[in-house]
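Participant: Just need the structure, nothing else, for what follows:
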Amino acid sequence: MGEVSKQLYDDVVLARERLLLAEEAASLGVWEWQIDTDTSVWSPGNYRLFNLPPDARASYGVIRPLVHPDDLERLDREVRDSIHTGHFRSEYRVLQPDGSLRWLMSMGRVANDGQGKPRRMMGVNIDVTARHQAEEASRRAAEAEAVGRMAGALAHQINNPLAALTNSLFLLRQQTAYDARVEAVVQMAEEALTRVTSITRHLLSLYADERAWKPASFAESVEEIISFHQNDAVARNLRLSHRTNVNSGAVAPRPFRGLLSALILDAIESSRREGEVRICITELPSGSNPLVRVGLAQHASNPPQQEALFPELAGKGIDRIGGIHLWTALAALKQLDGRMRLRGHGATRLRGLSVTFPLNSYSVMKSAA
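Facilitator: Numbering: from 1, shown residues only. Predicted structure coming up:
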């Protein structure tokens, strides 16, 4: 090999190394499609983006089965149209081996032959998953803020009539000259008023201004939330016990407080007999992003007569969720990108439930947004 040839060879090797480094750093892949022969050439980065082995055939036909079904028809159309317009740009989801989704942005330009006919297209594929996650986080935050403002305004509007009703019932209680029938009606009104007051207080605490929230560990957050609801539990002859086993350095995300508060309040209100509501918060290993599981279960003093926790779900399931507390819990869980699972599910009895969410999902999305 002559000196000039060796220099050219070294330059090619160096250029290839630079391309590979740039591809890996930018999460992109370069491709070329020979339109007239329908053959393609991919860079190594392109194989990585689609999780394909290096010896896989480079072609659009290999990619199509990996594209999310909801995006495939649009992608096919945009590929066909690009041959006539001379430019190609599309964003679509690709299914990953672990079941997750990766967002890719493809851009390309058509080169014509001497007769002006499309001959080949060259372009790049870029991983834009982080951008889409940030946009989704921003959308969820906007939705939560809108719902929070509405709930807070509603709670404030309810407060004044509640005060008037409370005073009226108090004055009525001062009157001793009424029979047992009136006493039953007054007692029913007081119970209903207590429930509405509890719901209003819960809405106000759940959707407090996020700027007032201070970072705290899971253990600290759980202690504060249980202390907040302790009086409600005592009023129903219930004990609240808990165990928290999460990394002491992990900060509990803001929606976690609303989630746990809503679940505890619903558990308290649906329990009618003496017993105990046990709350267990556990960190589960799951690759680079561990999971947090929150479980609630009821243990009654008289197990054969034990009532169901969360009666809104008994015999129905999560897809038919009802009750304002469980609704707010599910809204908070959505912000955490979590899931809910029922335990001891039956037609009339639900012994408990658990929710699971990624430890870092909310904080990562908020910082990205």
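Participant: which stretch of helix or strand covers Asp98?
Facilitator: Asp98 is part of no helix or strand, with elements assigned from DSSP states H and E.
Participant: Next, count neighbours for it.
Facilitator: Neighbour count for Asp98, taken as other CB atoms under 10 Å: 7. (C-beta placed from N, C-alpha, C; glycine too.)
Participant: what are the phi and psi angles of it?
Facilitator: phi -90, psi 10 (degrees, to the nearest 10).
Participant: I'd like the distance between it and Pro358.
Facilitator: Distance, Asp98 to Pro358, using CB to CB, to the nearest Å: 14 Å.
Participant: do Val182 as well
Facilitator: 55 Å.
Participant: Between those two, point out the one with more neighbours.
Facilitator: Applying other CB under 10 Å to Val182 and Pro358 shows that Pro358 carries more neighbours, namely 19 against 12.
Participant: Name the residues linked to that one by a beta bridge.
Facilitator: Leu291 (DSSP bridges).
Participant: got the contact list for it?
Facilitator: Neighbouring residues of Pro358 by CB atoms under 8 Å, 6 or more residues apart in numbering: 286, 289-292, 336-338.
Participant: what's the next secondary structure element after the longest strand belonging to the chain?
Facilitator: Taking DSSP state E as the criterion, the chain has its longest strand at strand 101-112. Moving toward the C-terminus from strand 101-112, the next helix or strand (DSSP H and E) is strand 118-127.
Participant: So what touches that next one?
Facilitator: The contact list for strand 118-127 (CB under 8 Å, 6+ apart) reads 26-36, 45-46, 49, 82-84, 86, 88, 102-113.
Participant: now with 6 Å?
Facilitator: Strand 118-127 is contacted by residues 27-35, 46, 49, 83, 104-108, 110-113 when judged by CB atoms under 6 Å, 6 or more residues apart in numbering.
Participant: Only C-alpha atoms, please: export it in PDB.
Facilitator: The C-alpha trace of strand 118-127 is given here as PDB (Å, rounded to 0.1, in the frame of the first residue of the first chain):
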ATOM      1  CA  PRO A 118     -36.100  10.400  -7.800                       C
ATOM      2  CA  ARG A 119     -33.000   8.200  -7.500                       C
ATOM      3  CA  ARG A 120     -32.100   8.000  -3.800                       C
ATOM      4  CA  MET A 121     -33.000   9.500  -0.400                       C
ATOM      5  CA  MET A 122     -30.500  10.200   2.400                       C
ATOM      6  CA  GLY A 123     -31.500  11.000   5.900                       C
ATOM      7  CA  VAL A 124     -31.200  10.500   9.700                       C
ATOM      8  CA  ASN A 125     -33.200   9.000  12.500                       C
ATOM      9  CA  ILE A 126     -33.000  10.700  15.900                       C
ATOM     10  CA  ASP A 127     -34.200   9.500  19.300                       C
END
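Participant: Can you tell me the strand partners of that strand and which way each runs?
Facilitator: Going by DSSP bridges, the partners of strand 118-127 are strand 28-34 (antiparallel), strand 101-112 (antiparallel).
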